[in-house]
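Undergrad: return atomic coordinates for the entry below.
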Amino acid sequence: MVSELIRTKIKKDLRRAVELRDSGQLMKAEQILQNIASKYPDYWLPYLFLGDIYDDLERYQEAADMFQKAVTIKPNYAIASRTLFHAQWDLGKEKEALEEIRRFLSVADWNDEKTKDIIMEDYQDILQELFSHKDYQEHKETVQKLLSTIEKYKQV
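TA: Model (predicted):
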């Protein structure tokens with residue numbers, strides 16, 4: 001169990017890393033986040049922020065790896081799932097990206113409003129666009145199944 005003092009220190013370090021990232025000091029932010037991740041490897045948030053930094057640095061595979069770690073630790077967190085989907089898709093890993101949507105839909109907390117917003121607004125829009133796009137016809141059946149899953153849960 002992490003003490004309240006340690007939790008406060010982690011939050012302070014995370015805030016500092018975000019400030020550094022926002023001011024363009026990506027390498028300093030990366031160092032802070034790597035330090036947190038090495039001390040607390042079961043905490044998902046540093047991995048999510050590291051993924052964002054690697055994406056900013058155009059280190060896309062590393063970004064996807066960090067997003068994957070965040071999702072592994074916190075599988076039902078919608079933002080981590082969405083960032084992993086986009087990273088995989090941008091790397092040309094369409095099957096893996098679609099599998100991430102499928103995986104997330106199977107564990108999503110459909111009662112959480114933020115989760116619902118991401119599923120309904122982001123994933124549904126992405127899937128509808130893919131369904132009609134001629135370049136992605138090979139994924140049409142998978143996309144149709146995912147859209148059906150979303151529609152089913154919208155009824156809940």
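Undergrad: Lys70 and Ala37, how far apart?
TA: Wrong residue type there; residue 70 is Ala, not Lys. Between Ala70 and Ala37 the distance is 10 Å, computed by Cβ to Cβ, to the nearest Å. The way it works is simple: take the backbone N, C-alpha and C, and place the C-beta from them, glycine included.
Undergrad: swap that for Glu129, sorry
TA: Distance from Glu129 to Ala37, by Cβ to Cβ: 34 Å.
Undergrad: ok, back up a step: looking at Ala70 and Ala37, which one has more neighbours?
TA: Counted by other Cβ atoms under 10 Å, Ala70 and Ala37 do not tie: Ala70 has more neighbours, with 24 against 19.
Undergrad: tell me, how many residues neighbour Leu146?
TA: Neighbours of Leu146 (other Cβ under 10 Å): 23.
Undergrad: contacts only, for the nearest residue to Arg21 once chain neighbours are set aside.
TA: Excluding the flanking residues, the one nearest Arg21 by Cβ to Cβ, 6 or more residues apart in numbering is Ala29, at 4.2 Å. The contact partners of Ala29, taken as Cβ atoms under 8 Å, 6 or more residues apart in numbering, are 17-18, 20-21, 49, 53.
Undergrad: reformat these as a markdown table; add pLDDT.
TA: Putting the contacts of Ala29 into a markdown table (pLDDT from 0 to 100) gives the following:
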| residue | pLDDT |
| --- | --- |
| Ala17 | 97 |
| Val18 | 96 |
| Leu20 | 97 |
| Arg21 | 96 |
| Phe49 | 97 |
| Ile53 | 96 |
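Undergrad: quick one: which of those residues is most hemmed in?
TA: Each of the contacts of Ala29 was scored by neighbours using other Cβ under 10 Å; the highest score is Ala17's, at 26 neighbours.
Undergrad: check which helices and strands the host helix or strand of that one is in contact with.
TA: According to DSSP states H and E, Ala17 maps onto helix 4-22. Using 3 or more Cβ pairs under 8 Å, 6 or more residues apart in numbering; DSSP states H and E as the contact test, the elements touching helix 4-22 are helix 26-39, helix 45-56.
Undergrad: perfect, I'm done here.
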